[in-house]
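Participant: structure for the following, please:
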Amino acid sequence: MMTVAAPLVCGFLPFFFAAAPVQQSAPARVNALALWANSGEDKVTREELRASREPRSVINAMWDGGKVSLFGAKNEVVSFNLVLEAPREKVPGVKVTLEALRGASGRTLTGRKAFGNGVFDWRGRHIELFLVRYLPIRGLSQLAYENYYDERHVPKRMRRPWKGNGKAESGTGWKDRPDADRYYPEIAVPLELVPVFDIEAGQNQSIWVDIYIPRDAPPGTYQGTLLVEPKAGLAQKVAVQLQVHGFALPEAPSAKTMLYIGYGDVNQRYLGNKWPDDGTPQADSSRRIFDRHFQLAHRHKVALIDGNNGPEAWSQDAPRPAWIPRLNGTLFSAARGYDGPGLGVSNGVFCIGAYGEWAWKDKAEKDMHKHADQWVSWFGKNAPGVETFLYLIDEPPREKFLQIEKWSSWLRHNPGVGKSLLSFATVSAPVAAAEMPSLDIPCGCAAVGIARKWDEATARLRAQGKRVWMYGTKRPVTGSFAIEDDGVAMRELAWGQYKKKIDRWFYWESTYYKNFQCATGGETDVFNQAQTFGCNERLDPVNGRTGWNYSNGDGVLFYPGTDTVFPKSSLGVEGPFASLRLKHWRRGIQDVDYLTLAAAKHPKEVQQIVDRLVPRVLWEVGVDDEKDPTYVHADISWSVDPQVWEKARAELALLIERR
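Facilitator: A predicted model of the protein is given here:
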C-alpha cells in the first residue's frame, strides 16, 4: 500500500491549498478488498465499485489515496465514510477499529468500546463507528419533488435524460434513471452491535465514523490509525489525521429546529404495546427509550417535541414529569451518560397541543386565559427561557382562518401572565400577514411561491416582532428529506434557513413507523423498505413503484434499536439509530454555527460565501406565472459536490480565526 502525506499549508487546511499527487495514489488493497473514504455526502450505493474500477476517481479532499484528512472546531462532530469494496469474491469476517487519535499536546480522543445499551453512554467515547445499512430505491419520492413537468426537480442520480426546460426525453423510463433500484446508504448502526460482518462479492460496505472534538481539546494535529481486519488475509492500516481549530462551536445551535416523535409508534416497536401502564417495567423502559431519543437528537443538534403523552399522572397544564430533565438540561449531563454538543443545555422548545390536540379548544376566552396562565406560570418557575407555544391548528383550510385569529387574539389580550404564550399555526407568512394579525408564529410549508409577496410578508411580520418558521422540504427550493436525494440536501437546508432568517425549522415526524396515511399501508419494515409514506399501488414505467404520495424515508429519521414488529431486524437495544440524513443535517446546522461566528466579525465576506453556496433558495426561486403560483421550471441552485461545501467551511474557519 502506498500512503501519500500532503504537507501542512496555512497550519490547518492542507487539502484545499495543496494538490494531492493523484498520479501516485492508488486504492489500498488487502487480498480481495479495496478501500477508500469520502465525506459520506457523495452517497455510494451498495452496488458501486469505484476504487476497484478506477482508482483515481475516488481521490477527494478527504482522501488522498492512503490517508483520511479532517478538520474541525472544538465542540463539533466531524465525520467521514470508509468504503470497503469486494469486487471479485465475498470477504467474510471483517472487523474495523479506530481506537484513538493522539494530539501533539498529549491529549487523546478515544474510541472506548461499548456493549449493548452502552452505545448510548457517550462519556469517554469521542470516536464512534457505525455499520451503514442500505435501503432499495424502488420508486421516486412524490412529496420531495414534482417530477412530472420538470425532470430537474429530481435528484441528479435519479433523473431521466432531459433537454430544454427540464422536459425528459421521450421513450425514457424508470430503468434510464441511473440509480433505479439501487441500495442507498441510510441507517447508522453502532459497530459494537455488529462487530464482525461480511461483504458480498460485487458489493461494498460503508463504515461511518463520527469524531466528537471535546470543548477543552487543545488545538493542533491529532493522528491515529484505522485498522481493517478481514478473517482471512492481512490487516490493513489507514492513517487518520484531524486538525483541531482554536475556536469552539456554541452549545446551543444557531439554526433552531424541532422534530416530532410519536409516542405510540416508538412503544409499539420496542415494547409491543403502544400505551404501557404507569408503574410497570414497560413504562420504565419506555421512558429510558424516549430519553435516549432525546439524547441522540441532542447529539445531532436538533430538538424534539411530542404530544406530551405518557402513562404518568400530571397536571393538565404542565409538561409530564419525563419532560423535566429534558427542559432543565439534566438529561444531557454526564450523570445521565451524555457527552457532546449541548452538555447541560435544555432541549430549548416545548409544544403544547401538537397538531391542534389541546383540550380546551372548544371552550370560551376565559378558559384560554386560565390554561395559558397555568402553562406560563409553570415554565416561569421550572424552565424559563424555553420557547413554548400553543399549536392551534395544523394545515387549516381557509374557513378556519377567522378561528385562528380569534384564538391568537385571546392569547394576546390575556390580562394575566399567559399573555406571553406564543400562538402557532402551519400557515404561510403571506397568509398570516394578511389574515391573522395576532398570530405569533406562522410556519409555512417549503414550496414555490411569489418572491415579492414572501419578502413583503416576512419583513412585515419581523417588524411586528413575530417569528417566521418553516416546515417540510421540497426541491428545487430546498434540499429534501428523501433518502434518494443528494447527500448535501440536508446540509443545504440549514444554509437556506440561515440565508432567509428562518427562526426554526419544523419536521413533522421522526418515528413514523406505521404508514396510516394509506389504506394499504400499515407497519413498515423500516430496515428493509425505503418507502415509509403514501401508497405503493403499482409499478409505473417512468417512476418505478408509486402511488398516492409515495415517498422514501418521509417521517423517519430514527430507526428502532429493538423491533418487535419485524424481529428479524431487531438488535435488541433500548434506543434508536440515526439515519445518515440526520447526520447530514447536523453538518449543515454546524455550518450555520460557523456562519454565525464568522459573520460576527466579517459579515460582508460571510454573505458573499452564502450567496455563492446557495444562490436561490425558498421563495427566491420564484414561480413561472404569478397568476398560477404553484409551479416553476428550474434546477436547484446549489452544488451537489461535497468538496464545494467543505471548502466553504474551511473559508469560514479562517474568517473566524482572522483578527
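Participant: CA atoms for contacts and neighbours, from now on please.
Facilitator: OK.
Participant: report pLDDT for the spatially most central residue of the chain.
Facilitator: Residue closest to the average C-alpha location in the chain (C-alpha atoms, centre = their mean): residue 582, at 2.5 Å. pLDDT for residue 582: 98.
Participant: what residues go with each domain of the protein?
Facilitator: Per automatic domain parsing, the structural domains of the chain span 14-139+180-246, 257-512+555-580.
Participant: how far does the last one stretch from one end to the other?
Facilitator: Okay, so that is domain 257-512+555-580. 17 Å (C-alpha to C-alpha, to the nearest Å).
Participant: what's the spacing between that domain and its chain's center?
Facilitator: Offset of domain 257-512+555-580 from its chain centre (C-alpha atoms, centre = their mean, to the nearest Å): 15 Å.
Participant: likewise stretch 177-194?
Facilitator: 16 Å.
Participant: what are the buried residues along it?
Facilitator: By neighbour count on 16 or more other C-alpha atoms under 10 Å, the buried set for stretch 177-194 is 177, 179-193.
Participant: returning to that earlier point: turn the domains of the chain into JSON lines, including distance to residue 653.
Facilitator: Formatted as JSON lines, the domains of the chain follow (distance: least, C-alpha to C-alpha, whole Å):
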{"stretch": "domain 14-139+180-246", "distance to residue 653": "8"}
{"stretch": "domain 257-512+555-580", "distance to residue 653": "16"}
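Participant: top strand in the chain by residue count?
Facilitator: strand 236-248 (DSSP state E).
Participant: adjacent strands (with direction) for it?
Facilitator: strand 67-74 (parallel), strand 220-229 (antiparallel) (DSSP bridges).
Participant: and the helices in the stretch 301-450 of the chain, which stretches?
Facilitator: 324-328, 365-382, 401-412, 429-435 (DSSP state H, counting those that start in this stretch).
Participant: isn't residue 473 right next to residue 141, touching?
Facilitator: No - applying C-alpha atoms under 8 Å, one finds residue 473 not in contact with residue 141, separated by 11.9 Å.
Participant: of these two, which one has the most company?
Facilitator: Taking neighbours as other C-alpha atoms under 10 Å, residue 473 and residue 141 compare with residue 141 leading, 32 against 25.
Participant: so that one sits against residue 548, correct?
Facilitator: No - judged on C-alpha under 8 Å, residue 141 makes no contact with residue 548 at a distance of 10.3 Å.
Participant: the nearest residue to residue 537 once chain neighbours are set aside: neighbour count?
Facilitator: Leaving aside its sequence neighbours, residue 537 sits nearest to residue 547 (C-alpha to C-alpha, 6 or more residues apart in numbering; 5.0 Å). By other C-alpha under 10 Å, 21 other residues sit near residue 547.
Participant: for residue 466, see how far away residue 547 is.
Facilitator: 39 Å.
Participant: before we move on, what about residue 114?
Facilitator: Distance from residue 114 to residue 466, by C-alpha to C-alpha: 46 Å.
Participant: low pLDDT regions in this protein?
Facilitator: Within the chain, the stretches with pLDDT under 70 are 1-31, 313-314.
Participant: can you map out the helices along it?
Facilitator: 14-17, 50-53, 263-271, 281-299, 324-328, 365-382, 401-412, 429-435, 451-463, 489-499, 580-599, 603-613, 642-657 (DSSP state H).
Participant: ok, residue 484 - contacts?
Facilitator: 137, 155, 158, 184, 552 (C-alpha atoms under 8 Å, 6 or more residues apart in numbering).
Participant: do you know how far the first one is from residue 483?
Facilitator: Distance of residue 137 to residue 483, computed by C-alpha to C-alpha: 8 Å.
Participant: neighbour-wise, which of these two wins?
Facilitator: residue 483 (27 against 23).
Participant: hmm, that one is touching residue 530, no?
Facilitator: Yes - applying C-alpha under 8 Å, one finds residue 483 in contact with residue 530, separated by 7.4 Å.
Participant: which neighbours do the two share?
Facilitator: 552, 553.
Participant: if we can go back for a sec, next, show the common contact partners of residue 137 and residue 483.
Facilitator: Here residue 137 and residue 483 have 184, 530, 552 as joint contacts, going by C-alpha under 8 Å, 6+ apart.
Participant: give me the nearest residue to the second one, chain neighbours excluded.
Facilitator: If I follow you right, that is residue 530. residue 552 (5.0 Å).
Participant: contact partners for the one you found?
Facilitator: By C-alpha under 8 Å, 6+ apart, the neighbours of residue 552 are 137, 140, 141, 482, 483, 484, 530, 531, 532, 533.
Participant: list the residues that contact residue 195.
Facilitator: For residue 195, the contact set (C-alpha under 8 Å, 6+ apart) comprises 95, 96.
Participant: could you do residue 140 as well?
Facilitator: 543, 544, 545, 546, 550, 551, 552.
Participant: now residue 150. Nearest residue, chain neighbours left out?
Facilitator: Using C-alpha to C-alpha, 6+ apart, the nearest residue to residue 150 is residue 166, at 4.5 Å.
Participant: tell me the contacts of that neighbour?
Facilitator: Counting by C-alpha under 8 Å, 6+ apart, residue 166 has contacts 149, 150, 151, 152, 633, 634.
Participant: backbone torsions only: list them for the nearest residue to the first one once chain neighbours are set aside.
Facilitator: For residue 149, ignoring the flanking residues on the chain, the nearest one in space by C-alpha to C-alpha, 6+ apart is residue 167 at 6.8 Å. In this entry, residue 167 is assigned phi and psi values of phi -80, psi 120 (degrees, to the nearest 10).
Participant: what of the one 10 residues further on?
Facilitator: Residue 177 has phi and psi values of phi -80, psi 120 when expressed as degrees, to the nearest 10.
Participant: distance of it from residue 639?
Facilitator: 20 Å.
Participant: and for residue 34?
Facilitator: 28 Å.
Participant: again, but for residue 499
Facilitator: Counting by C-alpha to C-alpha - residue 499 and residue 639 are separated by 16 Å.
Participant: so those two - more neighbours on which side?
Facilitator: Neighbours per residue, other C-alpha under 10 Å: of residue 499 and residue 639, the larger number sits with residue 499, 19 against 16.
Participant: next up, the contacts around that one.
Facilitator: residue 610.
Participant: again, 10 Å this time
Facilitator: Contact partners of residue 499, counting by C-alpha atoms under 10 Å, 6 or more residues apart in numbering, are 493, 592, 595, 607, 610, 611, 614, 615, 616, 617, 618.
Participant: list the buried ones in stretch 311-319?
Facilitator: 311, 317, 318, 319.
Participant: tabulate these (JSON lines), appending distance to residue 80.
Facilitator: Shown next, in JSON lines, are these (distance: C-alpha to C-alpha, whole Å):
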{"residue": "311", "distance to residue 80": "41"}
{"residue": "317", "distance to residue 80": "45"}
{"residue": "318", "distance to residue 80": "42"}
{"residue": "319", "distance to residue 80": "39"}
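Participant: residue 343: which of these is nearest?
Facilitator: Distance ranking of these against residue 343, using C-alpha to C-alpha, places residue 319 first at 21.8 Å.
Participant: from residue 376, how far out is the closest residue to that closest one other than its chain neighbours?
Facilitator: Nearest residue to residue 319, sequence neighbours excluded (C-alpha to C-alpha, 6+ apart): residue 308, at 6.4 Å. Per C-alpha to C-alpha, residue 308 is found 16 Å from residue 376.
Participant: neighbour count: these two, which is higher?
Facilitator: Counted by other C-alpha under 10 Å, residue 308 and residue 376 do not tie: residue 376 has more neighbours, with 24 against 18.
Participant: go ahead and confirm the more buried one touches residue 421.
Facilitator: Yes - under the criterion of C-alpha atoms under 10 Å, residue 376 is in contact with residue 421, at a separation of 6.4 Å.
Participant: shared neighbours of the two, anything?
Facilitator: With C-alpha under 10 Å, 6+ apart as the test, residue 376 and residue 421 both reach 388, 389.
Participant: about what we covered before: wait, which of the domains of the chain is closest to residue 651?
Facilitator: Taking C-alpha to C-alpha, domain 14-139+180-246 is the member of the domains of the chain nearest to residue 651, at 9.8 Å.
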